[in-house]
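Q: Need a 3D model of the following:
(2 chains)
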Amino acid sequence: MPSFLEIVLGIIQALVLMALSPLMTGIMRKTKAKTQKRMGASIFQPYYDMVKLMRKDEVVSDQSSWIFRCTPWVNFAAIGTAAFFIPVFLSYSPFGLVGDLLLVVGLFGLGRFFTMLAGLDTSSTFGGVGSSREMMVSTLLEPALFLAIFVVALTYGGTNLSTLVEGASNSSLLPHPQLIFAAIALFVVILGETGRLPFGNHATHLELTMMHEAMVLEYSGKSLALIDWSQSIKQIILFSLIVNIFTPWGISSSVSATLLGLGLVIFVVKISVFAIFVAFLESSIAKWRLFRIPDLITVAIASSLVGLALYYL
Amino acid sequence: MGMIQSDVLTISGAILLIATFGVIARRGFMDWLNAYRLQSVVLAAVTAIIGYVTGIWEIYIAAGLTLVIKSLVIPKVLTHVTKSLEIESKTDFNPYLSLRTSIIVSAFLVTMSYFLSQQIPFKSDPVVNVFLPVSMAQFFLGLFALVNRRTALSQVVGLLVIENGLFLFTLVLTHGVSLIIEVGIFADILVGIVISSILLFRMSRTFDSLDVDRLENLRDD
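A: All right, here's what the predicted structure looks like:
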């Protein structure tokens, strides 16, 4: 049984993830603006946006059903719950007793399922386009994600996130070449799951480039704020997974104030560096044609397959 | 053989494998050529690492030759050939298998080469253990690229990847054949590239295309 202190720390970890998530979105937007020789909004702009949206009124179509109204809450609840299982600056999460990495993926699936239903619910054409694209991409992304997870889980002996991160922080990456292939696959999957280029583009509201944005186009006010926030939390969860599994340096393995503080600082630095890297990558490539996206996902699947081969042979 | 040394060997083998995948997973001739160039740079680094591990100085010369000839001279010659051919070779991309099928096929080829290299009873040597499957994977992927592509220019790249695999294969098994033979092989590759570029010129002049299927057509003149 985890002690009371550990449970408090686990809650703090989840709250840190939720609080930092809009900051990561802001940092990525700022980086992209800088690469395009623009000033860009402040990195705290997503927080201001959220506060402003919270204060605004909502417009809900009278053609929509209860699904449309409850989706932001279901989505937020699913992704917020997933945040409790992620080791952030402590190498284990006390809530790891009740759920592992597969549960996190399942919770993401639940949130996505309701978002797709909500896109169809308002029967606007944009929502339908967004939902059908999301369905196509997510059915392809999920096997790639699971294969990559299995490579990592086989290496460290379990799908429990605490086992994974503790295993990673205790052993070096070098004797496990299959992890390089898993990292490549996971990186591609994360680009797809968060709707980054070349899968989709967050910055525009053009019909051609929208995927996630098209589904949630009808939302306004508090619901939009919730949806944006849960999207940011999902992004930071995926980023911290890849950062903590493949570069677990500096994560604290024991409950001591200095180590935890150091772990938090190192975590913020690592994840910011990763976010800036993704933003740079995004500025250097263009959106791919929708039917070329399976090619990229196939690269992820093939990479995980080679990783599996390296593990077994 | 320290722990760190075998770690470096494993990781460099994995990186070489990724670089080889680049030749499959890109589209367009110039992309393949760039992928081949990258692969040759990685191969030169791997050769130098093998030279360091085995402590044979001749391998360093082979690494230098790999770097100069395969990553500088050959891509330059092939780029020159592409520019002087009148046919638009960059847009000419229709392999027999689609890109995503060929990526999956190459993943299975890599798995197969790991499986095959385990069936061959060799004395357990870290260099052989790591790089023998990688060299076989290079050979198979090059062969696959060769048979999967229609234009003669792209098939040359497949041939070069096969050659890289064979180079690594001999290097790993013999720990460096004598330098004279290495130099001879490099000269052979250069001559081969020159001959194949002459053939490409002839082909493009006679058929107005680099598609090898056209060679089977009967002509009356």
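
Q: is it true that residue B:99 touches residue A:302?
A: No. The criterion here is CB atoms under 8 Å, and residue B:99 misses it with residue A:302 at 11.0 Å. C-beta: built from backbone N, CA, C; applies to glycine.

Q: Compare neighbour counts for those two and give me the winner.
A: Neighbour count, other CB atoms under 10 Å in any protein chain shown: between residue B:99 and residue A:302, residue A:302 has more, with 27 against 18.

Q: distance of the more buried one from chain B?
A: 4 Å (CB to the nearest CB, to the nearest Å).

Q: Contact partners for residue B:26?
A: B:32, B:34, B:35 (CB atoms under 8 Å, 6 or more residues apart in numbering or on different chains).

Q: Grab the nearest non-local neighbour of the first one.
A: Spelled out, that is residue B:32. Leaving aside its sequence neighbours, residue B:32 sits nearest to residue B:157 (CB to CB, 6 or more residues apart in numbering or on different chains; 4.7 Å).

Q: Helix or strand for the one you found, just tell me which one.
A: Residue B:157 belongs to helix B:152-174 when elements are defined using DSSP states H and E.

Q: And that helix, what does it pack against?
A: helix B:3-25, helix B:29-54, helix B:74-84, helix B:126-148, helix B:179-207 (3 or more CB pairs under 8 Å, 6 or more residues apart in numbering or on different chains; DSSP states H and E).

Q: all helices for chain A, in order.
A: Ranges of helices in chain A, per DSSP state H, are A:4-35, A:45-55, A:66-83, A:101-121, A:125-156, A:161-170, A:178-193, A:212-215, A:221-246, A:257-284, A:293-312.

Q: Let's have the ones you listed in TSV, adding mean pLDDT.
A: What follows is these, written out as TSV (pLDDT from 0 to 100):
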stretch	mean pLDDT
helix A:4-35	89
helix A:45-55	91
helix A:66-83	92
helix A:101-121	90
helix A:125-156	88
helix A:161-170	79
helix A:178-193	88
helix A:212-215	80
helix A:221-246	90
helix A:257-284	88
helix A:293-312	86
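
Q: Nearest to the spatial middle of chain B, which residue is it?
A: For chain B, residue B:161 is the residue whose C-alpha lies nearest the centre (CA atoms, centre = their mean; 1.3 Å).

Q: still on that earlier bit, now tabulate the helices and strands packed on helix B:152-174 in CSV and tack on distance to residue B:105 and mean pLDDT.
A: Shown next, in CSV, are these (distance: least, CB to CB, whole Å; pLDDT from 0 to 100):
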stretch, distance to residue B:105, mean pLDDT
helix B:3-25, 9, 82
helix B:29-54, 17, 87
helix B:74-84, 25, 83
helix B:126-148, 7, 87
helix B:179-207, 25, 81
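
Q: Near chain B, which residues of the stretch 201-313 of chain A are found?
A: A:294, A:295, A:298, A:299, A:301, A:302, A:303, A:305, A:306, A:309, A:310, A:313 (CB under 8 Å from any CB of the partner chain).

Q: Drop anything exposed from those residues.
A: The neighbour-count test (16 or more other CB atoms under 10 Å in any protein chain shown) applied to those identifies A:294, A:295, A:298, A:299, A:301, A:302, A:303, A:305, A:306, A:309, A:310 as buried.

Q: which non-adjacent residue is nearest the residue nearest to the spatial centre of chain A?
A: Compute the mean C-alpha point of chain A, and by CA atoms, centre = their mean the closest residue is residue A:235, 2.8 Å away. Nearest residue to residue A:235, sequence neighbours excluded (CB to CB, 6+ apart): residue A:194, at 4.6 Å.

Q: phi, psi of the one you found?
A: Per-residue torsions, residue A:194: phi -90, psi 0 (degrees, to the nearest 10).

Q: For chain B, see how far away it is.
A: Residue A:194 sits 22 Å away from chain B, taking CB to the nearest CB as the criterion.

Q: residues in contact with stretch A:17-33?
A: Here stretch A:17-33 has contacts from A:39-47, A:50, A:80, A:83, A:86, A:88, A:203, A:229, A:232-233, A:235-237, A:239-240, A:268, A:271-272, A:275-276, A:278-280, A:282-283, using CB under 8 Å, 6+ apart.
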